[in-house]
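Colleague: Fold the stuff below for me.
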Amino acid sequence: MKRNLLIRNITMLGAAALAVTVAVFAQDAPAKKPAPSTATPAAAKPSPAAVARGKEVFDKKCAVCHYADSDAKKIGPGLKDISKRGTFTVNGNKVTEDSLKTWIENGDSLMPPFKEVLEAPQIKDVVAYVRTL
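Modeller: Okay, here's the model as predicted:
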């Protein structure tokens, strides 16, 4: 009986370790520097090119944890209509271009920071894309 319990616990521990290992190695290498994007004022509508670049980065780096087409939780919250919601669900802070940028760069206890993974223009493009959701 004790032996079966020990075997089951070791098996579960091994499965958990394998899952963590797969998650770590499934991450893409840091992205290459993209071509410089044109700067737009904070209140201006993002360019279609910036939105398209942002969608591409989002699909590779963010969609693992976030739905773009739903507000349902995946691992992190779904981001559909995030700009219309007005506030972040986790902390109640106002959703702005700057707050999105800061959140992506620094993360929090539930989300890893991406300032070392994405270049500043990529983060700007992701913000442009997320604003369209």
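
Colleague: Tell me which helix or strand comes right after the lowest-mean-pLDDT helix or strand in the chain.
Modeller: Ranked by mean pLDDT, DSSP states H and E, the weakest helix or strand in the chain is helix 2-25, scoring a mean of 64. As assigned by DSSP states H and E, the chain's next helix or strand after helix 2-25 is helix 48-57.

Colleague: middle-most residue in this structure, spatially?
Modeller: For the chain, the residue nearest the mean C-alpha position is residue 62 (3.3 Å; CA atoms, centre = their mean).

Colleague: got the contact list for it?
Modeller: By CB atoms under 8 Å, 6 or more residues apart in numbering, the residues touching residue 62 are 68, 126. Glycine gets a C-beta too; all of them are placed from N, C-alpha and C.

Colleague: how about low-confidence regions in the protein?
Modeller: For the chain, the stretches flagged by pLDDT under 70 are 2-3, 5-6, 9, 12-43, 89-90.

Colleague: so what's residue 114 closest to, chain neighbours aside?
Modeller: Setting aside the residues directly before and after it, residue 114 is nearest to residue 104 in space (CB to CB, 6 or more residues apart in numbering), at 5.2 Å.

Colleague: On the three-state scheme, that neighbour is what?
Modeller: The three-state label given to residue 104 by DSSP: H, G, I helix; E, B strand; the rest coil is helix.

Colleague: ok, now which ones touch it?
Modeller: Contact partners of residue 104, counting by CB under 8 Å, 6+ apart, are 114-115, 118, 123, 126-127.

Colleague: Among those residues, name the buried ones.
Modeller: Buried members of these, scored by 16 or more other CB atoms under 10 Å, are 114, 118, 123, 126-127.
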